[in-house]
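S.K.: Any chance you can model this:
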Amino acid sequence: MLDNLNAMRGKRALITGASAGIGRACATSLARCGVHLVLTGRKVAALEDVAQTCRTLGVEVVALAGDLNDKPFVRKLAQAAHDVDVFVNNAGILNYAPVLDMPVEECEQMFATNVIACYDISREVAQHMVARGGGQMIFITSGSARNVGMHAMVYAATKHAVSAFAKGFRLELKSANIRVTELAPGMVDTDMRKGITHPEVLKALAARPFKPISPQDVADGVVYAVSCKPGNSPDLIELRPPRA
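M.R.: The predicted structure is shown next:
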């Protein structure tokens with residue numbers, strides 16, 4: 001395993017949603033393995049903070065703040081990341097609410113970011129990987145990609161779609177020497193959960209018999225996927241939270 005980790009040194013990775021939570025943990029974990037980074041997120045100050053942290057670990061970092069719903073920005077980002085070996089497709093938004101209390105506008109926002117923008121940047125990055133003769137794509141989905149929980153129907157639908165992207169990109173790009181891994185964590189303790197305000201949802205979350213996993217747990221899964229040899233590349237990694 002140590003030899004595999006050493007083999008990561010000098011590679012380059014693009015991480016979306018890198019300014020906080022899972023993306024930040026992935027950035028610092030890959031930086032510790034000697035992976036140079038292209039980082040993006042919407043929060044300028046937070047993105048620069050994680051970029052500077054990674055630079056202190058001895059790697060090169062390009063930080064580009066922007067919104068993946070902005071198509072010109074996506075093109076700019078993909079060009080900046082044209083030579084990456086690894087793409088960690090992590091950006092997304094979340095809102096839980098009973099279905100009759102979920103406005104159509106919030107449904108549209110989740111699909112725009114979690115599905116359409118995800119496809120857009122994935123397609124752009126994949127084109128560069130095909131041109132370069134290989135690479136690795138890691139799609140961060142969710143346990144909701146296979147199950148639909150109370151109050152999470154729309155979010156689950158977006159993650160079902162991203163799971164389908166992972167399967168489809170894997171199928172179509174295998175001949176181009178591109179590895180694709182889906183990493184599906186259970187509930188993760190990130191700032192996204194702080195935006196949940198509906199009282200029924202908060203009550204249901206408090207009653208769950210397990211505690212959320214950490215962003216570092218997910219980042220460890222990413223490092224494992226990247227460090228695997230080509231003949232042992234995982235298609236799916238599921239991370240389940242422990243009992244409380």
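
S.K.: mind listing what's buried in the top helix by length along the chain?
M.R.: If each helix of the chain is counted by residues according to DSSP state H, the longest one is helix 153-173. Within helix 153-173, the residues scored as buried using 16 or more other CB atoms under 10 Å are 153-163, 165-166, 169-170, 173. Yep, even glycine has a C-beta here, placed from its N, CA and C like the rest.

S.K.: which two of the residues you listed lie the greatest distance from each other?
M.R.: Comparing all pairs in these by CB to CB, the longest separation belongs to Met153 and Leu173, at 30.3 Å.

S.K.: Could you name the helices and strands sitting against the helix or strand in which Thr181 is found?
M.R.: Assigning secondary structure by DSSP states H and E places Thr181 in strand 178-185. Under the contact criterion of 3 or more CB pairs under 8 Å, 6 or more residues apart in numbering; DSSP states H and E, the helices and strands touching strand 178-185 comprise helix 118-132, strand 135-140, helix 153-173, helix 215-227, strand 236-239.

S.K.: who does the shortest one pair up with?
M.R.: When you say that, I think you mean strand 236-239. In the sheet containing strand 236-239, its partner strands are strand 178-185 (parallel), by DSSP bridges.

S.K.: Quick one: distance of the strand it pairs with to the chain centre.
M.R.: Using CA atoms, centre = their mean, to the nearest Å, the distance from the centre of strand 178-185 to the centre of the chain it belongs to is 10 Å.

S.K.: which residues sit against that strand?
M.R.: Identification of contacts with strand 178-185 by CB atoms under 8 Å, 6 or more residues apart in numbering yields 22, 126, 129-130, 134-143, 145-146, 159, 163, 166-167, 169-170, 173, 213, 217-218, 221-222, 225, 230, 233-239.

S.K.: now with 7 Å?
M.R.: Residues outside strand 178-185 that contact it (CB atoms under 7 Å, 6 or more residues apart in numbering): 126, 129-130, 134-143, 145, 163, 166, 169-170, 173, 213, 218, 221-222, 225, 230, 233-239.

S.K.: Next, the contact list for Leu173, please.
M.R.: If you count contacts by CB under 7 Å, 6+ apart, Leu173 has them with Ala126, Val130, Val180.

S.K.: Closest one of those to Asp70?
M.R.: Nearest to Asp70 among those, with distances taken as CB to CB, is Ala126, at 19.4 Å.

S.K.: the residue most distant from the middle of the chain, which is it?
M.R.: Relative to the mean C-alpha coordinate of the chain, counting by CA atoms, centre = their mean, the farthest residue is Leu100 (28.7 Å).
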